[in-house]
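*Asks:* Let me see the structure of the following:
(one chain, ligands or ions: 1)
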Amino acid sequence: GCRIWDADGREYLDFRCASGANLLGYGDPRVERAASLQADLGNTMSGPAPVMIDLAETLVGMVSHADWVLFAKNGTDVTTAALLVARAHTGRRRVLLAENAYHGWAPWSSRARAGIPREEQASRSYFRYNDVDSLNAAAFDAGEDLAAIFVTGYKHYWDACELPTQLFASRCRELCDQTGALLVVDDVFAGFRLARDCSWSIVNVEPDLSCWSKSLANGHALSALLGCNRARDAMSQVLAGGTFWAQAVPMAAALATLAVIRTSSYLEHMARLGQHMGDALKQKARKYGFEIELTGPSQLPHISFNDDPRLGLKFAFAEALLKQGIYMHCLHCIILTAAMNESDIERAVNAAEIAFADMSARRSSIEPSAAVLAFVGMS
Ligand code: PMP
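*Replies:* Modelled structure (predicted):
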C-alpha cells in the first residue's frame, strides 16, 4: 500500500513512495504474484529468461519512439549507457544538460566535486529547462562537438516544477535533427507518472533514446534504455552490462506492472487525488495566513510558500507533518501512489491544517534548516 513504519513502530503515510518506485502500492499482489512465480523458475542465472523477450516486446509496443531495449538495474546505468550510445553514434563528446537536473551519480553528469576530475566538466554545457534562448546558446557553445541533449520528462528539481512547453520540446528535437546529435528523455523519475508512453508524448515530441527505472517494476530493481532504429548500430557497439542486469524476477514484476498501467485508470486516479489534495492544501494554507503555490502535474504536486526565499517554511511544514505520521520530502514534490484513496488524502489534509496552525503560531521564529540550505547551495 502506501504506508511505512519506522524502527519504533510508528506508522507513516508515505508521500515519498520509495523515491518514485512505488507506483501501484508496496507489495501490490498482482506484481508480487508474478515475481514469485518467476522466482520459482529462476532469477539470477547464466543467461536471461524468456520473460526478457516478452518485456522488451511489451515496452517497444507501448513506447512510441522505441525499437529496441537494453535492461539494467539503476537509473544511472541507463542514463550513462544513453550517453555512450550518443557518443558512439555521433563520434562526438559534448552533452547539453538542464541546470540542476539530476541524471544519476556518474561523473559525466554529477554536480558533486569529490572524486570527479575537472575534465568531466568540460564535456557539458548547461541550459535552463523550457528556455529556448539558453538552449540555443548551449548548443552554440557545444558547436560541432554536440553528441546529445538530455532532458527529464518534466522539470522536477527541488524548486518549482514545470511541464515541458511545446516550443522548448520542438526546439530540442529540431536541434538534434539539424546537428545529428541524439535527443534523450530521462524518464527515470517521471516515466509512467505522466503518460502510458514516453513523457514527451504529451508534447508530441519523440526522443531518440529514453531512460526508465523507478516505477517500471513497481519497486523491483530494473531499469531500461529504449532506443530508435537510428541508434541501434551504436547500441550494438557499446559495452554496457552487469552480472545482475538480466535477473528475471524484476522483469516478471515489470511485465505485471505494465499490464496494470495499460488496463487500469491508475494514472487518472492519482491525478484526481492529487488535484483534490492540492486544492485543499491551498485553502487550508490561506486560512492560516500562508500563500502556497503548487506546480508540476497534479499527481506529483510541488509546494512552495510565498515569501520563503530560504525555505524555512517549506522545511517546517515537512517537519510538522512528519510528527503527525505524514512523510513528505522537505524539498522535492509530493509523490502519490495509485494505492492511495480519498481517506488517505483526507488524513494528509487534516494533518496539514494542524501543521499550518502550528506554523502560524510560531511564524516569526521559524528558521531555515542548515542542512537544507547546504543541499540547495544557499549556506
Ligand atoms: N535520472 C533521474 C531523472 C532521476 O530522478 C534519477 C534518480 N532520482 C536518476 C536518473 C538516477 O537513478 P538511480 O538513482 O536509480 O541511479
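
*Asks:* rest of the way, CA atoms for contacts and neighbours
*Replies:* Will do.

*Asks:* just how off-centre is the helix or strand bottoming out on mean pLDDT in the chain within its chain?
*Replies:* Within the chain, no helix or strand scores below helix 370-375, which has a mean of 80 by mean pLDDT, DSSP states H and E. Its chain's average C-alpha position is 22 Å from that of helix 370-375, according to Cα atoms, centre = their mean, to the nearest Å.

*Asks:* next one: stretch 221-238
*Replies:* 20 Å.

*Asks:* Report the buried residues of the least confident helix or strand of the chain.
*Replies:* If you call a residue buried by 16 or more other Cα atoms under 10 Å, then helix 370-375 has these buried ones: residue 372.

*Asks:* now do stretch 2-15
*Replies:* Result for stretch 2-15 [16+ other Cα under 10 Å]: buried residues 2-4, 12-15.

*Asks:* Adding distance to the ligand, secondary structure and pLDDT, write those residues out as CSV.
*Replies:* Compiled in CSV, those are given as follows (distance: Cα to the nearest ligand atom, whole Å; DSSP: H, G, I helix; E, B strand; the rest coil; pLDDT from 0 to 100):
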residue, distance to the ligand, secondary structure, pLDDT
2, 19, coil, 98
3, 21, strand, 98
4, 20, strand, 98
12, 22, strand, 98
13, 21, strand, 98
14, 17, strand, 98
15, 15, coil, 98
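
*Asks:* Pull the most distant pair out of those.
*Replies:* Considering Cα to Cα, no two members of the buried residues of stretch 2-15 lie farther apart than 4 and 15, which are separated by 10.1 Å.

*Asks:* pLDDT wise, what is the residue sitting furthest away from the middle of the chain at?
*Replies:* Relative to the mean C-alpha coordinate of the chain, counting by Cα atoms, centre = their mean, the farthest residue is residue 361 (35.6 Å). Residue 361 is assigned a pLDDT of 95 by the prediction.

*Asks:* What is the nearest of the buried residues of stretch 2-15 to residue 26?
*Replies:* For these, the nearest to residue 26 is residue 2 (6.4 Å; Cα to Cα).

*Asks:* Surely the closest one is in contact with residue 25?
*Replies:* Yes: distance between residue 2 and residue 25: 5.8 Å, which falls inside the contact criterion (Cα atoms under 8 Å).

*Asks:* which strands and helices sit next to the host helix or strand of residue 352?
*Replies:* Using DSSP states H and E, residue 352 falls within helix 342-361. Helix 342-361 is packed against helix 266-287, helix 312-323, with contacts defined by 3 or more Cα pairs under 8 Å, 6 or more residues apart in numbering; DSSP states H and E.

*Asks:* who in the stretch 1-150 of the chain is up against the ligand?
*Replies:* For the stretch 1-150 of the chain, the residues in contact with the ligand under the definition Cα under 6 Å from any ligand atom are 74-76, 102-104.

*Asks:* Reformat the residues you listed as JSON lines; add pLDDT, distance to residue 36 and neighbour count.
*Replies:* Rendered in JSON lines, the data for those read as follows (pLDDT from 0 to 100; distance: Cα to Cα, whole Å; neighbours: other Cα atoms under 10 Å):
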{"residue": "74", "pLDDT": "98", "distance to residue 36": "21", "neighbour count": "18"}
{"residue": "75", "pLDDT": "98", "distance to residue 36": "24", "neighbour count": "25"}
{"residue": "76", "pLDDT": "98", "distance to residue 36": "27", "neighbour count": "21"}
{"residue": "102", "pLDDT": "96", "distance to residue 36": "33", "neighbour count": "18"}
{"residue": "103", "pLDDT": "98", "distance to residue 36": "31", "neighbour count": "25"}
{"residue": "104", "pLDDT": "97", "distance to residue 36": "30", "neighbour count": "18"}
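
*Asks:* Tabulate the residues you listed (TSV), appending secondary structure.
*Replies:* Supplementary listing: those in TSV, determined by DSSP: H, G, I helix; E, B strand; the rest coil:
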residue	secondary structure
74	coil
75	helix
76	helix
102	coil
103	coil
104	coil
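
*Asks:* with those in mind, which one is nearest to residue 250?
*Replies:* Of all those, the one sitting nearest residue 250 is residue 74; the distance, using Cα to Cα, is 12.0 Å.

*Asks:* which ones are touching residue 79?
*Replies:* 103-104, 186, 211, 225 (Cα atoms under 8 Å, 6 or more residues apart in numbering).

*Asks:* hang on, the earlier thing: of the helices and strands packed on helix 342-361, which is nearest residue 206?
*Replies:* Proximity of these to residue 206 was assessed by Cα to Cα; the nearest stretch is helix 266-287, lying at 21.0 Å.

*Asks:* C-alpha coordinates for that closest one, PDB please?
*Replies:* Only the C-alpha atoms of helix 266-287 are listed here, as PDB (Å, rounded to 0.1, in the frame of the first residue of the first chain):
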ATOM      1  CA  TYR A 266      -4.200   4.300 -12.100                       C
ATOM      2  CA  LEU A 267      -2.900   7.500 -13.700                       C
ATOM      3  CA  GLU A 268      -6.300   9.300 -13.700                       C
ATOM      4  CA  HIS A 269      -6.900   8.100 -10.200                       C
ATOM      5  CA  MET A 270      -3.600   9.600  -9.000                       C
ATOM      6  CA  ALA A 271      -4.200  12.800 -10.900                       C
ATOM      7  CA  ARG A 272      -7.700  13.200  -9.400                       C
ATOM      8  CA  LEU A 273      -6.500  12.600  -5.800                       C
ATOM      9  CA  GLY A 274      -3.500  15.000  -6.300                       C
ATOM     10  CA  GLN A 275      -5.800  17.700  -7.700                       C
ATOM     11  CA  HIS A 276      -8.100  17.300  -4.700                       C
ATOM     12  CA  MET A 277      -5.200  17.400  -2.300                       C
ATOM     13  CA  GLY A 278      -3.600  20.400  -3.900                       C
ATOM     14  CA  ASP A 279      -6.800  22.400  -3.800                       C
ATOM     15  CA  ALA A 280      -7.400  21.500  -0.200                       C
ATOM     16  CA  LEU A 281      -3.900  22.400   0.900                       C
ATOM     17  CA  LYS A 282      -4.100  25.800  -0.800                       C
ATOM     18  CA  GLN A 283      -7.400  26.500   1.000                       C
ATOM     19  CA  LYS A 284      -6.100  25.400   4.400                       C
ATOM     20  CA  ALA A 285      -2.800  27.400   4.000                       C
ATOM     21  CA  ARG A 286      -4.800  30.600   3.200                       C
ATOM     22  CA  LYS A 287      -6.900  30.000   6.300                       C
END
